[in-house]
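Participant: no letters, just coordinates:
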């Protein structure tokens, strides 16, 4: 009898916890209203992507307009190195970039971070992560993409993912990180780059 009661109790608690879990998209929508008031205004889907010219952690120059000649570009804005979330997410994106490279698809994935390139390089080397990370010490790039405040009230960078189509327009903007682990199929889907899956 006790075991039956415990099974029913566990079942009821699991149902209740499912009802209480917040919807991530609803949370982001509510948070977006607050962020816009604070100056975090991002370019909308279909608008021209702001120009990006920066140096990555190895000192290599990156120019968005040149990268787009090879295919779509994904930018991942993250606030700090050496955190569990950043490490996990950069590892996922590194694996995804490797899959795109092996498939022969011209697809560039880069991260953007306010830290100095030398510190980022040491962190990536320690974690064995192979992805270009653009230096953005003054958050100039982050502000242009709505991932930092443009009104000067805060210097906090918001974790965000931005897709840019080969024509230079914004394919998608997503606050925080992917709701599901990113994959080639996910990125090429209608919700993201809306490209045919070969």
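Facilitator: Good, I have the coordinates. Source: prediction; values computed, not measured. Numbering: from 1, shown residues only.

Participant: residue 70 falls within a helix, correct?
Facilitator: No - using DSSP: H, G, I helix; E, B strand; the rest coil, the secondary structure at residue 70 is coil, not a helix.

Participant: neighbours of the closest residue to it other than its chain neighbours, how many?
Facilitator: Among residues not flanking residue 70 along the chain, residue 106 sits closest, at 3.8 Å (C-beta to C-beta, 6 or more residues apart in numbering). Any C-beta I mention is one placed from the backbone N, CA and C, and that applies to glycine too. Neighbours of residue 106 under the rule other C-beta atoms under 10 Å: 14.

Participant: which pLDDT value goes with residue 106?
Facilitator: Note for residue 106: predicted pLDDT of 88.

Participant: my guess is it contacts residue 68. True?
Facilitator: No - Residue 106 is not in contact with residue 68 according to C-beta atoms under 8 Å; the separation is 9.5 Å.

Participant: shaky segments in this structure?
Facilitator: Within the chain, the stretches with pLDDT under 70 are 1-25, 27-36, 38-40, 152-156, 197-198.

Participant: check which element follows the helix or strand harbouring residue 123 along the chain.
Facilitator: Counting by DSSP states H and E, the element that carries residue 123 is helix 117-127. Next helix or strand after helix 117-127 toward the C-terminus (DSSP H and E): strand 133-135.

Participant: in the sheet, who's paired with the residue nearest the centre of the chain?
Facilitator: Residue closest to the average C-alpha location in the chain (C-alpha atoms, centre = their mean): residue 161, at 2.8 Å. Under DSSP bridges, the beta-bridge partners of residue 161 are residue 76, residue 174.

Participant: before we move on, back to that, now the helix holding residue 123, how far from the chain's geometric center?
Facilitator: Counting by C-alpha atoms, centre = their mean, to the nearest Å, helix 117-127 is centred 19 Å from the centre of its parent chain.

Participant: same check, this time on stretch 42-49
Facilitator: On C-alpha atoms, centre = their mean, the centre of stretch 42-49 falls 16 Å from the chain's centre.

Participant: what does stretch 140-152 give?
Facilitator: A distance of 15 Å separates the centroid of the chain from that of stretch 140-152, by C-alpha atoms, centre = their mean.

Participant: again, but for stretch 107-119
Facilitator: 12 Å.

Participant: hang on, the earlier thing: give me the buried positions along the helix holding residue 123.
Facilitator: 117, 120-121, 123-124, 127 (16 or more other C-beta atoms under 10 Å).

Participant: how about stretch 168-179?
Facilitator: 169-175, 177-178.

Participant: adding distance to residue 134, write those out as TSV.
Facilitator: As requested, the buried residues of stretch 168-179 are exported to TSV (distance: C-beta to C-beta, whole Å):
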residue	distance to residue 134
169	20
170	17
171	19
172	19
173	17
174	18
175	19
177	17
178	19
